[in-house]
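**Student:** fold the following.
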Amino acid sequence: MSQIPTIDPNEEVIVKDSDGSWKVFTNGQMVSMSGNAPVKKSAPSTVSVSVRRPLPVMPSSNGRTMVADVMPPRPTVVGPVQELRMSVDDYMRSGATPAERVAKILTKIKELEREDYSKRLEGISAWKTSDVYSLYILLGQESVLSSSGIEDSIQKHKSENKPYLSVEDFQAITDLNNKLRT
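**Tutor:** This is a model prediction of the structure:
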């Protein structure tokens, strides 16, 4: 079985545009051939293309050369339940303030509840398996075990360059969990 090669961002990539013309991208810039001299243009904002690069040639035992094809990544379908299994970065990007971030989570869970109560329970379960919730639990456990406040646990994570939540985020998640219990 052959291995699928990966594309290096600094590598030259050949792209077939939606109008059937071939373009060459090098270092993120589209290089179009005009005569013999390459002309740099900015990359199009939306292009319906199939990405190809010169395919690696692999020797075979029967003397014929084999070419390995580049496969595009499969898109993943994400629903409201899967959105609740968010990373800490996704959580931080979801709103400007801790109140906004928690409100979005609560809104998603309420939307699931409107669909079906069992969906609400799936959503809460997904939230409790998220990286954010796990970090929330970890920070709380560390503060209890060390007999110090949550601020000290957060500061320790921050100084060790580990993921952390702000005190406001920690309190907002505590309030969210209280609302989810009712």
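**Student:** can I see the domain layout of the chain?
**Tutor:** 13-67, 80-181 (automatic domain parsing).
**Student:** which residue sits closest to Ile109, ignoring its sequence neighbours?
**Tutor:** Leaving aside its sequence neighbours, Ile109 sits nearest to Gly123 (C-beta to C-beta, 6 or more residues apart in numbering; 4.6 Å). For glycine as for every other residue, the C-beta is placed from the backbone atoms N, C-alpha and C.
**Student:** about what we covered before: pick out the shakiest of the domains of the chain, pLDDT-wise.
**Tutor:** Of all the domains of the chain, mean pLDDT reaches its minimum on domain 13-67 (a mean of 55).
**Student:** just checking, next helix/strand downstream of the longest helix seen in the chain?
**Tutor:** Secondary structure of the chain per DSSP state H: the longest helix is helix 98-115. The helix or strand immediately downstream of helix 98-115 is helix 117-128, counting by DSSP states H and E.
**Student:** quick one: contacts of that following helix?
**Tutor:** 80-82, 84-85, 105, 108-110, 112-113, 133, 180 (C-beta atoms under 8 Å, 6 or more residues apart in numbering).
**Student:** now the buried members of those.
**Tutor:** Pro80, Val81, Leu84, Arg85, Ile105, Lys108, Ile109, Leu112, Tyr133 (16 or more other C-beta atoms under 10 Å).
**Student:** using JSON lines, please lay out those residues together with distance to Ile154.
**Tutor:** As requested, the buried ones among the contacts of helix 117-128 are arranged in JSON lines below (distance: C-beta to C-beta, whole Å):
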{"residue": "Pro80", "distance to Ile154": "29"}
{"residue": "Val81", "distance to Ile154": "29"}
{"residue": "Leu84", "distance to Ile154": "23"}
{"residue": "Arg85", "distance to Ile154": "23"}
{"residue": "Ile105", "distance to Ile154": "20"}
{"residue": "Lys108", "distance to Ile154": "26"}
{"residue": "Ile109", "distance to Ile154": "25"}
{"residue": "Leu112", "distance to Ile154": "30"}
{"residue": "Tyr133", "distance to Ile154": "16"}
